[in-house]
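1. Need coordinates for the following:
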Amino acid sequence: MRQISVGSRGCGCRVLIGAGLLSRVGESLRPLVGGGKAVVVTVPPVRELYLQIVLDSMEDAGVEPLVLTVPDGEDAKTPRTYLDVVGSMLDAGAGRDALVVSLGGGCVGDLAGFVASTYMRGVRLVHIPTTLLAQVDSSIGGKSALNHPRAKNLIGSFHQPELVIADTMVLRTLPTKEVRCGLAEVLKYGAILDSELFGILEGKAEEVLGLNEVVLEDVVCRSAEIKARVVAADEMDRGERMLLNFGHTVGHAIEAATGYTGYSHGEAVAIGMAAESRIATRLGMIGDGEAERIVKLATRLGLPTRARGVAADELIWLMHGDKKAQGGRLRFALPDAIGSGSVVEVTDTGLIAEAISGVLGD
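-> Here you go, the predicted structure:
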């Protein structure tokens, strides 16, 4: 097992990474629960696969669970689902000493995080991520959010978990598509922040896709370390942390334009990175060769780099609802080399439209 510490203004967070950690969840939760309830928020597929392992461990440790099952995917991140969870916690008598535990992927983590940040003005939070995307990215850093029809993650907060438990064994049960979606975030880290990680992906793409245990754990740890470093330096997403939005400005717009059903988050981010790499080349930040390396690696990882059924003007309109936009002006996290980047304001909508159009259609 490896442990990573994430510094924050409120409290420190420990990230535990290794195989077989689910069977030891109870002993990790016991010190955090006190006399309150552990509210486990999960989704049907994860409930079927892993809930009993977690509950057995909690029972052995003397931790009292309240299990709440919510819709899978983006349907978990609606105001209605949020209110249902809060209502169930109230009905069960959960107080300010409650511990909210997410068991699942990024969507259930977002919901649980927002519940923890707002229930009785804030209760403790633990994430147990069961997807690659959640283990390398969304479970670390304290962001939580609900969706609005106009924009993804529009309603949200910052609320740091006290503990993240990433059991890499669960990744073996993921559908191939889910593995690829998680690798989109790993690719993002390499392209915008860590050229060495980018090189590992280029050299070992097939081993990563094949879930080679040693390579996969190394990739998860490297990604988590990058996220932890960035969060410690910029917890509130005002500076360096904004670089983690590479591919997300266009990607979130694609998700919204397709009703959050056309593309998964990882797929949309991969297409977004292809589009935003084109913007970077048109601004002279990177050459065509570097942009091609990013697109080629995404393709090798089984990710799409083109979107169907959406128009450039619709995406630009949706992007104006992006959280990074200021005064109606769009801002993008763009690479200026493989492994480094900058947040750039782009006012030329014609340039944006032309770059985005290059990744739309068949």
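2. Give me the neighbour count for Ala311.
-> By other C-beta atoms under 10 Å, 14 other residues sit near Ala311. C-beta here means a position set from N, CA and C on the backbone, and glycine is covered the same way.
3. my bad, should have said Thr261
-> Under the criterion other C-beta under 10 Å, the count of neighbours that Thr261 has is 10.
4. Return the distance of it relative to Glu185.
-> In this view, Thr261 and Glu185 are 20 Å apart by C-beta to C-beta, to the nearest Å.
5. swap in Asn153?
-> Taken as C-beta to C-beta, the span from Asn153 to Glu185 is 15 Å.
6. which one of those two has more residues nearby?
-> Shown here are Asn153 and Glu185; by other C-beta under 10 Å, Glu185 has more neighbours (26 against 18).
7. in the stretch 101-250 of the chain, which ranges drop under the pLDDT threshold?
-> Of all residues in the stretch 101-250 of the chain, none has pLDDT under 70.
8. Walking through it, point out its strands one by one.
-> 124-129, 143-148, 151-158, 163-167 (DSSP state E, counting those that start in this stretch).
9. do you know how far Lys37 is from Gly95?
-> 8 Å.
10. okay, those two: which has more neighbours?
-> Per other C-beta under 10 Å, whichever of Lys37 and Gly95 has more neighbours is Lys37, with 20 against 13.
11. list the contacts for that one?
-> By C-beta atoms under 8 Å, 6 or more residues apart in numbering, the contact list for Lys37 reads 64-66, 92-94, 98-99.
12. Can you give me the separation between Gly26 and Val101?
-> For Gly26 relative to Val101 (C-beta to C-beta), the value is 11 Å.
13. Which one's more surrounded, the two?
-> Val101 (30 against 20).
14. For the stretch 201-350 of the chain, just list every one of the helices.
-> 213-233, 248-257, 265-282, 288-300, 312-319, 349-357 (DSSP state H, counting those that start in this stretch).
15. Check the offset of stretch 66-77 from the chain's centre.
-> 16 Å (C-alpha atoms, centre = their mean, to the nearest Å).
16. Could you shift the numbering so residue one becomes 32, and keep it that way?
-> OK, 32 is where the count begins now, so the last one is stretch 97-108.
17. Show residues contacting it.
-> Applying C-beta under 8 Å, 6+ apart, the contact partners of stretch 97-108 are 68-76, 78, 82, 86, 112, 115-116, 119-120, 123, 125, 138-139, 141-142, 176-178, 184, 286, 291.
18. can you confirm Ile84 is in a helix?
-> Yes. The assignment for Ile84 is a helix, going by DSSP: H, G, I helix; E, B strand; the rest coil.
19. can you redo the helices of the stretch 232-381 of the chain as TSV with mean neighbour count and distance to Ala197?
-> Listed next are the helices of the stretch 232-381 of the chain as TSV, based on neighbours: other C-beta atoms under 10 Å; distance: least, C-beta to C-beta, whole Å:
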stretch	mean neighbour count	distance to Ala197
helix 244-264	19	7
helix 279-288	27	22
helix 296-313	27	17
helix 319-331	18	24
helix 343-350	18	32
helix 380-388	17	34
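20. Take these and write them to a markdown table, including distance to Gly43.
-> Output for the helices of the stretch 232-381 of the chain, formatted as a markdown table (distance: least, C-beta to C-beta, whole Å):
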| stretch | distance to Gly43 |
| --- | --- |
| helix 244-264 | 9 |
| helix 279-288 | 26 |
| helix 296-313 | 28 |
| helix 319-331 | 34 |
| helix 343-350 | 35 |
| helix 380-388 | 40 |
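21. Any idea which of those gets closest to Pro160?
-> helix 244-264 (9.9 Å; C-beta to C-beta).
22. I'd like to know how far Ala342 sits from Leu349.
-> Going from Ala342 to Leu349 by C-beta to C-beta gives 11 Å.
23. err, Val139, not the other one
-> From Val139 to Leu349 the distance is 25 Å (C-beta to C-beta).
24. now do Gly293
-> In terms of C-beta to C-beta, Gly293 sits 13 Å off from Leu349.
25. before we move on, what about Thr149?
-> Applying C-beta to C-beta, the value for Thr149 to Leu349 is 26 Å.
26. got it, and Leu274?
-> 21 Å.
27. Ok, Gly297 next?
-> With C-beta to C-beta as the criterion, Gly297 and Leu349 are 19 Å apart.
28. mind giving me the domain ranges of this structure?
-> Domain assignment for the chain, taken from automatic domain parsing, gives 33-204, 207-388.
29. what distance separates the start and the end of the last one?
-> End-to-end distance for domain 207-388: 28 Å, by C-alpha to C-alpha, to the nearest Å.
30. The shortest one now?
-> As for domain 33-204, its first-to-last residue distance stands at 21 Å under the measure C-alpha to C-alpha.
31. Quick check: Val375 touching Ile317?
-> No. In this structure, Val375 is not within contact of Ile317 by C-beta atoms under 8 Å, at 11.8 Å.
32. so what's Leu214 up against?
-> 163, 232, 239-240, 297, 332-334.
33. Brilliant, that's me finished.
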